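Output the structure for:
(chains A and B)
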Amino acid sequence: EPEVTQTPSHQVTQMGQEVILRCVPISNHLYFYWYRQILGQKVEFLVSFYNNEISEKSEIFDDQFSVERPDGSNFTLKIRSTKLEDSAMYFCARGQRNTEAFFGQGTRLTVV
Amino acid sequence: KQEVTQIPAALSVPEGENLVLNCSFTDSAIYNLQWFRQDPGKGLTSLLLIQSSQREQTSGRLNASLDKSSGRSTLYIAASQPGDSATYLCAVKNAGNMLTFGGGTRLMVKP
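Numbering: from 1, shown residues only, chains lettered A, B, ... in the order given. Alright, predicted model coming up:
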């Protein structure tokens, strides 16, 4: 099955600005996830999203973060008031509990 | 809290060697374990998924085993090639629907 598609591939933003990262049109998938990988560190879970609701989130996923599926296709991660430490690769993934997880190519976020 | 460890952190081998990558996890109550490949600056490519009830899975030159009771998995790569050079990640899924990742093994296969 095709991997998840993410845009943009690279985003540079100024500290304090809002960014929106996208998984682009996936019509018939219900389970989505966001993970991040800070350079040189482990891949970390942020949030899972099922049937248009958050089903789980980690301690990292605080009020600065939000997810939504605004038009039934794109799945977005919004980061409000970005900090330098938000610089990382952000991965969107899909997959159900007992199936393979398929990851996108990631968005490299650089906060300056 | 689940912790996943991968040993070694880095490995360099000559082309043609068979090699084993190790993954250990602290909480054996897992649903499944998945191995991924990650090329520098790229996304994660799924290699193999082993369900908790399974002992091993094979795909081409790759064979992954799972010993749930001892909290271990191995990824065996036969007849390694320079194109196998990448970072290999293992990840486990527990009661939640999230994956917990190890730190990876960075593999270099020299021609």
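
In chain A, where is pLDDT below threshold?
A:1-3, A:25-29 (pLDDT under 70).

can you list the residues of chain A near chain B?
Proximity of chain A to chain B, by CB under 8 Å from any CB of the partner chain, involves residues A:3, A:31, A:33, A:35, A:41-45, A:48, A:50, A:55-56, A:58, A:89, A:91, A:93, A:96-106, A:108. Where you see a C-beta, it was placed from the backbone N, CA and C, and this is true even at glycine.

are any of those residues buried, and which?
A:3, A:31, A:33, A:35, A:42-45, A:48, A:58, A:89, A:91, A:93, A:100-106, A:108 (16 or more other CB atoms under 10 Å in any protein chain shown).

from those residues, which ones fall inside strands?
Using DSSP state E to define strands, the subset of those located there is A:31, A:33, A:35, A:43-45, A:48, A:89, A:91, A:93, A:102-103, A:108.

nearest spatial neighbour of the most centrally placed residue in chain A, skipping sequence neighbours?
For chain A, the residue nearest the mean C-alpha position is A:Trp34 (3.6 Å; CA atoms, centre = their mean). Ranked by CB to CB, 6 or more residues apart in numbering or on different chains and with sequence neighbours excluded, the top spatial neighbour of A:Trp34 is A:Leu46, at 4.3 Å.

what about that neighbour, neighbour count?
For A:Leu46, the count of nearby residues is 20 (other CB atoms under 10 Å in any protein chain shown).

Could I get the contacting residues of the closest residue to B:Pro14 other than its chain neighbours?
Distances taken as CB to CB, 6+ apart put B:Lys110 closest to B:Pro14, at 5.4 Å, once the chain neighbours are dropped. Residues counted as contacts of B:Lys110 (CB atoms under 8 Å, 6 or more residues apart in numbering or on different chains) are B:Ser12, B:Val13, B:Pro14, B:Glu15, B:Pro82.
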